[in-house]
Structure formats: C-alpha cells, structure tokens
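K.L.:
Need the 3D shape of this:
(4 chains)
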Protein chains: 4
Amino acid sequence: MRTFRLVIACPDRVGIVAKVSNFLASHNGWITEASHHSDNQNGWFFMRHEIRADSLPFGIEAFREAFAPIAEEFSMNWRITDTAQKKRVVLMASRESHCLADLLHRWHSDELDCEISCVISNHDDLRSMVEWHGIPYYHVPVNPQDKEPAFAEVSRLVKQHDAEVVVLARYMQILPPALCREYAHKVINIHHSFLPSFVGAKPYHQASMRGVKLIGATCHYVTEELDAGPIIEQDVVRVSHSDSIEDMVRFGRDVEKMVLARGLRYHLEDRVLVHGNKTVVF
Amino acid sequence: MRTFRLVIACPDRVGIVAKVSNFLASHNGWITEASHHSDNQNGWFFMRHEIRADSLPFGIEAFREAFAPIAEEFSMNWRITDTAQKKRVVLMASRESHCLADLLHRWHSDELDCEISCVISNHDDLRSMVEWHGIPYYHVPVNPQDKEPAFAEVSRLVKQHDAEVVVLARYMQILPPALCREYAHKVINIHHSFLPSFVGAKPYHQASMRGVKLIGATCHYVTEELDAGPIIEQDVVRVSHSDSIEDMVRFGRDVEKMVLARGLRYHLEDRVLVHGNKTVVF
Amino acid sequence: MRTFRLVIACPDRVGIVAKVSNFLASHNGWITEASHHSDNQNGWFFMRHEIRADSLPFGIEAFREAFAPIAEEFSMNWRITDTAQKKRVVLMASRESHCLADLLHRWHSDELDCEISCVISNHDDLRSMVEWHGIPYYHVPVNPQDKEPAFAEVSRLVKQHDAEVVVLARYMQILPPALCREYAHKVINIHHSFLPSFVGAKPYHQASMRGVKLIGATCHYVTEELDAGPIIEQDVVRVSHSDSIEDMVRFGRDVEKMVLARGLRYHLEDRVLVHGNKTVVF
Amino acid sequence: MRTFRLVIACPDRVGIVAKVSNFLASHNGWITEASHHSDNQNGWFFMRHEIRADSLPFGIEAFREAFAPIAEEFSMNWRITDTAQKKRVVLMASRESHCLADLLHRWHSDELDCEISCVISNHDDLRSMVEWHGIPYYHVPVNPQDKEPAFAEVSRLVKQHDAEVVVLARYMQILPPALCREYAHKVINIHHSFLPSFVGAKPYHQASMRGVKLIGATCHYVTEELDAGPIIEQDVVRVSHSDSIEDMVRFGRDVEKMVLARGLRYHLEDRVLVHGNKTVVF
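P.N.:
Residues are numbered from 1 along each chain as shown, chains lettered A, B, ... in the order given. Below is the predicted model of the structure:
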C-alpha cells in the first residue's frame, strides 16, 4: 500500500496537531499511523504521519505546496516522502561480511524497502557475494599513507549513484570530515560496542579487559567526532567469564547485524528525527 | 502536574483525530502526550491524550458535557479521568508476599499513583507488613467445602471500599464468575507463566517438566475462563537445566512482581484499552 | 585447536568425576573445558569434557578402548568425538529463505564447524542461492495426495549423504514417524513459536489472536509427536498492539534464525545431552 | 541441605581436577554442584565445588587440614565455607529506599541466606522500615566539610558487627580509600549505569544527554578508583525518546535492585572469584 510520510519537528505550542490533522482530514487523508512526541525539556514537538496516498486528491508535489503555509506558520522542519520512491542506498564494507550479507539478504527477500545502488569496499573479498545479488561492486583500496585519493573516489561514486543514504556495514575506515558534513544524518554506522563505552578500535578487547557482563552494538549517524553521533538503535547480549574475545566477537556479530538492520529500517521508513545529538525514533 | 486523560475507542474513519484535536485546541488544551492506533484488521481506532488540566478553561464535568456530542457523532467508547482523583485499589494476596511487598513499597515511595484502600487475604500471615504501611488488613479465610460465604464477604469489602481496581497479587483462589463479570476489566491478576503456556496450577512444575529454556509471567484482566483474559503485560527470564523448580520459583518471583507492577501502572495511568480479548497499551 | 569431546550421562554416584579426571590426568590430558550437572530429581549425572587432542598419547580409537571399562563400571551412555571430523549436515527448507541463508552464511564464513552435504527442498526457489555456495541442491516436490514417494526420496538422499544431522530450516512438511524414529535426536527443527504455546500451523496468527506481548521461536529435536520434542533453545522478542501479523512474522524471522543457529551450534559442539524429553545444554 | 563450598584459583596445569576430585571421592564427598573455568589467556584455573556436609566424615576444620597439602602443591588461593555459618552483612543506604527495601524483603522471606547485622545510613529516613525488620539502624551523618569522623564511626560499626560483607545499597557517599583497601572484595556497590559508561554522579542525566537507547546498572566490588572495581553483574532496560529523566530513574530503580540482589546472592554463595580486575561468576 503506497503511503505518504509527513515528518515534522517544530517548537511546541497549542494547536499544531489540530492544524495538521485538520489539513489531512479536509483532504480526506486516511492516516494509517500517527506518532507524536513533546520534548518538555527543550520545548520541541515531533510528529510523523503515514497517510494512504490513494485517499488524497493530489500527489506529493501538490501536497508540498498545499502544506507549505502551515509549515511556515509553525516554523516547521518538515519533509514528506512517498513510499513509491525507494531510497537509494550505498553500502560500504571492508572484509567482514556479516552485516553486508545480512542487509543484502533482507533486501533480496523484500524486507528492506530501498534500492541498493552499489557496494563500495576497500577490499575485493566480498565482490562475488555482492555481484550474485546483481549489485555493482567497487573496490576502492585505501592507501594508509595517503587516504585522500580513495575518499575522493568514494565521494565521486556516492554522488554518481545519487545516494540518499550511506551505510557503513563494518567499513573499517574513518570517513573524512568533509564527507561527514556533506552527508549529515545520511551516513549510518554500526559500532561494535554499547556506546559511549569503548569508543574507537577493538571494542571487544576493551570490553574483555574491563570484564563487563554484557556487550553491545550501536547504530548511529556519523559525525565528525568519532563514534559520537546521534544514536539510532542499540542492543546488548550477555557474556560471561567463560567467553573468550573470539566468542565475544562472534556473539557481537549477531547483535551488530540486528541493530544495524533495525536502525537502517527506521531510517528508510522516515522514523528517525534528529534533534541536537539525540534522536526521536517513531 | 495535574492532567486529564481522554481515552477513546471507536470505529475507524477519516476525521477523528482532526475533530478531537480541534476540540482540544479550541479550548487551548495543552497536550503532553498523545497516542493513536488504527487496528486495520478490524477497522477500529484507539486514542489517548494527556492534557494539562490548568490549560483548559473548565473542569472535568464541563469537559464531559462539551465533548459528548463528538463522542456521539463517532460512536465512541470513551472516558476522561483526572489525575487529581487517585484510583481506589484493593489488593488481594494469600501467603506469598513478594508481589504484595513490591506493590506496597512502590506505593509507599510514591511510585504508584493510587490509593490502596485495603488488603484482603485468605490467610493472616501478611497482616503486620500491611499494617506497618497504615493500610487495613482483612483476613477472610476460604472454606474449601463452602467458598460462598468468603466470596460474599470479599464482595462486600470491595464494595464497601468503593474499589475501582482489584489486584490479585498472588491470591491463590479462583474468583467466582459473578464477581468477574461485575468487575470486568477491573480485576488484574498475575499468573506465574508465560500464557497461554501452563494455564492453571503449578506452572513452574509444568515448565520444568516440559524443559523450556525461558519462564515467564503474565499480567491480565480476570475473566470467567481461567487464565484466559486480555493480556496486559508479559515478560520472561532465561533458565537452564541446572535450575531446579525451586530456582525457577525464585527467578519467577522477580518476573512476577515486575510484570504485575508494570501492568498495574499502565492500568492506573489509563493506558490500557481492551478490545475483544486483546489490549492496546499506550 | 583440535580437541576430543567426551560426553557422558549415567546414574549419579560418588566418584564419577574422580574416576574420569584421573583417567584423563593419567594420560596427561589437557582439559580446556569441563561441565558437570547432577540432576537431583532423578538421580542422573551429566558431564562433558573438551580435551586437547595433542596432549593425549593416543588417538580416538585407542581412547575409546581405554575408556570402555570405566564406562562399563558406571553404566554410562557416552560418546567421544573428534573436532577434526566435521559432522555431515543435511539442510531442508521450503520457500522461506531466512533460516537457510543465515546458516549458509555462518558456514561460509567459518562460524559453523560442519560439512553441509546438501540442501533438500520441496520447492526449487532457493536453488541458485544454495548453488552459489557450492552445495548440491535437491528439489523433491511433495505430492499432498501421496507424500510417501517424496519422503522415500528424502530418506534415500539423507542416507546417500551419510548425514549425521538433519536441520529443518523452515521445512514446511511434517516428517513421517519412521524417519523421526530412525534419526532420533538427530533431526533439529525450528518452530516459530515459544513452545508449548501455539503448536502447529500459523503460530503468529495464533499469537496475534491471543494478544500476547512477546513472541518467540523454539529449536527442538523432532519426535513423532508434532512440536513436542526435547527443546534445545528458545528466545522471544517483544511485540505490541501496533504490530500486525506481518510485523510479527518479520520480527519472528530474526528470532527463528538466531535460535536455530544457536541450537545447531550447541548440537555440533556436542553440548546437548537428551534425557527423557528434556535437554542438558552445556 | 548443609553443604561445604570449596573455592579454588590457581595456575592452570594438568591434574588439578583429578587431584581435587580424588580427594573428595576418597572421603566419600557427594558433589552437588561443580564448576570449572580455564582462563587460557593468562593460564589461570578456577574451580568451585559444593559438597554435602553430611557425606563427609569430618567437619570444616578437619577438611581444611586435610586439603592443605593439595592446596600447597598447586599454589592455590582457596577457601572452604560452611553454609551453616551465615555471612554477616552490613547494609549502607542514604535516602532512596528501593534497594534497601528489596534486600530486606528478600532476607525477610528467606531468599537471601545471610545475617543482616545492621543498617548504617547518613540519613534517618529509613529507620522505621529497618527497625520493623528487627534490625539495628545507625544514623551516621556525614559532614561535607569534615567527613573523617563519620567514616571513623562507620568503620567502628562495621568492625563491631564483625561484618564479612558491606553492601552499599545506594549509599551516596564515597568510602575513604583506607576502608576500601581494608575490605577489598568485601564491599559491594550498585552503580546506576551500565559501566564503564557514565561513571560518577547523575548517570541517568548523562545517559539522557547522550541519547542512549538502553540504560543499566552495575554491581561491582568497591576499589579506591571510583566505579572502576571488578564487575559482578550488570543488566539493562530499554528506554526511548519518550522517557524523561524521571522515567529513566524509575526504570533504573528496578534494574538496580535486581542487579544488586543477584550480585549479592552470588557473593553470599561464594560464586564470585576475583582475578585482577575481573570476576569469574560460577
């Protein structure tokens, strides 16, 4: 069923819901899902509606025009998306295949509603798996002494494929700040720890050293500061003294792929609203 | 902060949210929390609003009158409650104290927003604990050969205390059908299994016999059919071959008290809407 | 690191551990993992040792001979396995690919220590995915009017591939009793509910009807009675009123594949000891 | 059932289990529970046995003497405890009652096998609750300008009651280093975050600021470095954008009391072995 998704964030005040729902009702809009959140701490309001496209008398462009005055009146940050327009996603990976394989299978079995434009990797290991899915694979090696050419090429490929979302599916390189800024809130990373614990390299080793009893994974938007961007989703799994670092890595893989898949899904369904360094996930 | 809670269930159609939010906005109502659910399977719509009482120009009675025409128009089952009016709760228990002690402590430390009118038990064991909290304790023994007099007395006490909610906090007797009918969706039970598994007596023994790897607890409204009423909340805990039935009972106690406390809280906050044999929990 | 796994179940009495550990120590056996369980309820004892193969002065056959008198003395059910001998696994599936794809990826990335001899399916849909992994694919359609020929063929293929384990990775047919008996404790199924709730067909529909707040999956050995065999592993995921049956099916897929992968792993590592209708999982 | 608990840590080598189990078998010791762990990373071995006291021909002192040569031979850190000797526990709290009330109820209903010698608090708020349980309550106010006299008094009380375990059940003061050293691995704290995230004050505020999707609690031994001691147990609970800091505090209370109760129980049952800054929990 084709729907439009209307996503709004604005300063909180009386009458927003009334205004928006009147607008929808006056155009006979059939709301299939509605979510609201008032952040009392900073006086901000968030809203997401999913509306059956066939219940409305107009398309998305006319919707945009008709809604603009309301958005203006309430100083809204807003967007409307059409589920008929699949988002274009670029996946990036290195050598470890679990997150990539998981996302590809979900896409292949129609669980992830998006278009996977291509996969970019700094290694050539996963080419055959990707190409079996009929997806272009670009091998862009990164020279540790001079990373710039590689990231210029990455940037070019992302642009060429007109990507709306970039997913770092265990891509083991740090993106340059300029790219982070250009694609703010559009680059999704999976970090293999329960942030803010164990930022940076080898988090399972850090976790083992500290003797924690649960390990986790965190899906977040990439910002210039390493592993510090807005968190979309997290989860954990229990470990014990009897689990070696290798066991942790293995358990962790399952958490990583689940958390990344959920986080990406929320993003693709326009469920994630970023405010400051935090997210509202409807 | 005093709020009114407006809770609505009605056949789904276009314009409900607009109508209700217009009504609220026209009276300057400040919505602090709003939840919606469209049940597409049976075409039913559910809604809950929490509105600051001091933002409205009238009290709850005037609200009721003003809203009645809208309720009529959309054939709503609805209610509005005032957080300044604490719900009167009667707790029932037998010999095991964990659920009762947990609820009493939450109430004592202002976590449960209700009035505990009294405790009724078929044993006298827990009197001192209850009376320390300043709550009346009624010992109503149940004669296994003739249970009627006991339940007549229970019924009388519940009426005398004008109870709006009755909580079976591990009360090990089956309430008579008439009482279940009279207090439909007002009697909350905690069953010590993950329903619908292990209905009836000794669920942990049943669970041990079947060799399950998780055990659970279920908070539900009591209906005439044993352990078959609408489920409000459930949770589980992992067990293994090394756990004896005694261990299961011990682990289970913690799940029971958490699940009951959450379920009761949802009920007290008017978050639970029953439809058929299922619940919407906002 | 190559290890031998010594797995023992016997009537409990004083001196078993001493006898076994003496035996191992006298041959200089380096124990890397040891687990014990006394089932006090039925007086049975379970034990699993993992021993470095290179620490012992003999191979597995000599071990068997040397240990036999002890096994005899204590009336042990026992086995010793060699991690250098990978178990031969036959996977069976129907149309849904999530469990199969998950197991194939784990195997492909060396996470599952076994040999996958072949995949048998009553449909041809998953052939390309399986063959990409270099694994033979047999399409054995089941005629609903006469299932016998199909199961004769399945039986022949399982024998031909000398399978030690058969995994029903969402194979939507019920195996005939004879096959269940012949491969007792060697056929592993994933059932898409938290057993014993929702036995049989369409468990997510049953779960939705009952209004449960958690759904689950169960990995168990197949016996003649449907969904009633010894449980190896279970897990659950939270659902709410807002989740449709389709959502439940989707959430369920993730639980199913995790639970099946864990259960199969336990089996492959000789961690599962069946006693009556229950399992010890070390 | 009275048991002896034999707890051992020593450098790993062949023959330890054989030696110990021979010793037990030669004295006819009936092992009800046995756990082993080889830490391959640092070559250390850990073992815990629970043995029926009535199966042995001698008491705990004779056991100690008889076992000493073996302990010597293998350079063991070891202890043997008798379940007939309940451990003496001193509880410390401030104003928040949830952890204290939870522990008192568990003790009162015979779930925690220990003697609670007294409660020490820097406030007088919880006196009545404690005294209802028949336990002495000491109010030792802490002068922020000069904390020494208070901690001298705390130290004196702990000694006077001959405490074997001190539990900081949300005691909001930092113990002086000398006390930490004197009672190393004997002072158990509950920290209201998932360590190592959010060390120090107001962890729920820190968690809310960072926008995490799970919050947790950590039970650990107190060392001189704040919130950095060996972790015994941890757990988490899911939160969302709709949860205020107050909600987090409330959810957190339930995790805190569960995690502290489990951690204390493990300690009382001699299940926790500290090695470096990590624990083995059998």
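K.L.:
sec struct for A:Asp125, please.
P.N.:
Assigned by DSSP: H, G, I helix; E, B strand; the rest coil, the conformation of A:Asp125 is coil.
K.L.:
so where do the helices sit in the stretch 151-282 of chain A?
P.N.:
With helices called from DSSP state H, counting those that start in this stretch, the stretch 151-282 of chain A shows them at A:177-182, A:203-210, A:245-268.
K.L.:
In JSON lines: the ones you listed, plus mean neighbour count, distance to D:Gln41 and mean pLDDT.
P.N.:
Yep, even glycine has a C-beta here, placed from its N, CA and C like the rest. Formatted as JSON lines, the helices of the stretch 151-282 of chain A follow (neighbours: other CB atoms under 10 Å in any protein chain shown; distance: least, CB to CB, whole Å; pLDDT from 0 to 100):
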{"stretch": "helix A:177-182", "mean neighbour count": "14", "distance to D:Gln41": "37", "mean pLDDT": "92"}
{"stretch": "helix A:203-210", "mean neighbour count": "19", "distance to D:Gln41": "8", "mean pLDDT": "94"}
{"stretch": "helix A:245-268", "mean neighbour count": "21", "distance to D:Gln41": "8", "mean pLDDT": "97"}
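K.L.:
nearest to chain C, of those?
P.N.:
With CB to the nearest CB, the closest approach to chain C among the helices of the stretch 151-282 of chain A belongs to helix A:245-268: 6.2 Å.
K.L.:
Please identify the residues of chain A in proximity to chain D?
P.N.:
A:37, A:39-41, A:46, A:194-198, A:210-214, A:216, A:230-236, A:240-242, A:244, A:277-281 (CB under 8 Å from any CB of the partner chain).
K.L.:
Quick check: can you list the domain ranges of chain A?
P.N.:
What the TED database lists as the domains of chain A is A:3-82, A:88-281.
K.L.:
Spell out which parts of the stretch 101-250 of chain A neighbour chain C.
P.N.:
So far as CB under 8 Å from any CB goes, the stretch 101-250 of chain A lies against chain C at A:Ala101, A:Asp102, A:His105, A:Ser109, A:Glu111, A:Trp132, A:Ser242, A:Arg250.
K.L.:
Tell me which two of these sit farthest apart.
P.N.:
A:Trp132 and A:Ser242 (37.5 Å; CB to CB).
K.L.:
Quick check on those two: which one has the bigger neighbour count.
P.N.:
A:Ser242 (17 against 14; other CB atoms under 10 Å in any protein chain shown).
K.L.:
pLDDT value on that one, please?
P.N.:
Predicted confidence (pLDDT) for A:Ser242: 94.
K.L.:
same check, this time on A:Asp270
P.N.:
A:Asp270 carries a pLDDT value of 98.
K.L.:
what's it in contact with, if anything?
P.N.:
By CB atoms under 8 Å, 6 or more residues apart in numbering or on different chains, A:Asp270 lies in contact with A:Arg5, A:Val7, A:Arg48, A:Arg79, A:Thr81.
K.L.:
Name only those of those that count as buried.
P.N.:
Neighbour counting by 16 or more other CB atoms under 10 Å in any protein chain shown classes A:Arg5, A:Val7, A:Arg48, A:Thr81 among the contacts of A:Asp270 as buried.
K.L.:
Go through those residues and name the one nearest chain D.
P.N.:
Of all the buried ones among the contacts of A:Asp270, A:Arg48 has the smallest distance to chain D: 11.8 Å, by CB to the nearest CB.
K.L.:
returning to that earlier point: closest to chain B among the residues of the stretch 101-250 of chain A next to chain C?
P.N.:
Of all these, chain B sits closest to A:Ser242, with 13.3 Å by CB to the nearest CB.
K.L.:
wait, doesn't the closest one sit right on D:His37?
P.N.:
Yes. Judged on CB atoms under 8 Å, A:Ser242 makes contact with D:His37 at a distance of 5.8 Å.
K.L.:
Could you report the separation of A:Gly211 from chain C?
P.N.:
Distance, A:Gly211 to chain C, by CB to the nearest CB, to the nearest Å: 20 Å.
K.L.:
same question but for A:Ala93, I mixed them up
P.N.:
13 Å.
K.L.:
what's near enough to touch that residue?
P.N.:
A:Cys99, A:Leu100, A:Val119, A:Ser121, A:Leu126, A:Ala169, A:Arg170, A:Tyr171.
K.L.:
Top of these by number of neighbours, please.
P.N.:
Neighbour counts for the contacts of A:Ala93 peak at A:Ala169, which has 28 neighbours (criterion: other CB under 10 Å).
K.L.:
Leaving out sequence neighbours, find the closest residue to that residue.
P.N.:
Spatial nearest neighbour of A:Ala169, excluding adjacent residues (CB to CB, 6 or more residues apart in numbering or on different chains): A:Cys99 at 3.9 Å.
K.L.:
and which of the contacts of A:Ala93 is nearest B:Leu273?
P.N.:
A:Cys99 (39.1 Å).
K.L.:
Which of the contacts of A:Ala93 fall in strands?
P.N.:
A:Val119, A:Ser121 (DSSP state E).
K.L.:
any chance you could map the strands in chain A?
P.N.:
A:3-11, A:31-39, A:44-52, A:77-82, A:87-93, A:114-121, A:137-139, A:165-168, A:187-191, A:214-221, A:231-238, A:272-275, A:278-281.
K.L.:
Does chain B have contacts with the third one?
P.N.:
No. Under the criterion of CB under 8 Å from any CB, chain B is not reached by strand A:44-52; the shortest gap measures 9.1 Å.
K.L.:
which residues touch that strand?
P.N.:
Strand A:44-52 is touched from outside by A:1-13, A:16-17, A:20, A:24, A:29-39, A:270-271, A:273, A:275, A:280, A:282, D:241, with contacts defined as CB under 8 Å, 6+ apart.
K.L.:
just the buried members of those?
P.N.:
For the contacts of strand A:44-52, a burial check counting by 16+ other CB under 10 Å picks out A:3-10, A:12, A:16-17, A:20, A:24, A:29-31, A:33-39, A:270-271, A:273, A:275, A:280, A:282, D:241.
K.L.:
Distance of A:Lys87 relative to A:Val166?
P.N.:
Between A:Lys87 and A:Val166 the computed distance is 11 Å (CB to CB, to the nearest Å).
K.L.:
Likewise for A:Arg238?
P.N.:
For A:Arg238, the distance to A:Val166 equals 32 Å [CB to CB].
K.L.:
who has more neighbours, those two?
P.N.:
Taking other CB under 10 Å, A:Arg238 and A:Val166 do not tie; A:Val166 has more neighbours (23 against 12).
K.L.:
got the contact list for the more buried one?
P.N.:
The contact partners of A:Val166, taken as CB under 8 Å, 6+ apart, are A:Val89, A:Val90, A:Met92, A:Val158, A:Tyr183, A:Lys186, A:Val187, A:Ile188.
K.L.:
List just the nearest of the residues you listed to chain D.
P.N.:
A:Ile188 (14.5 Å).
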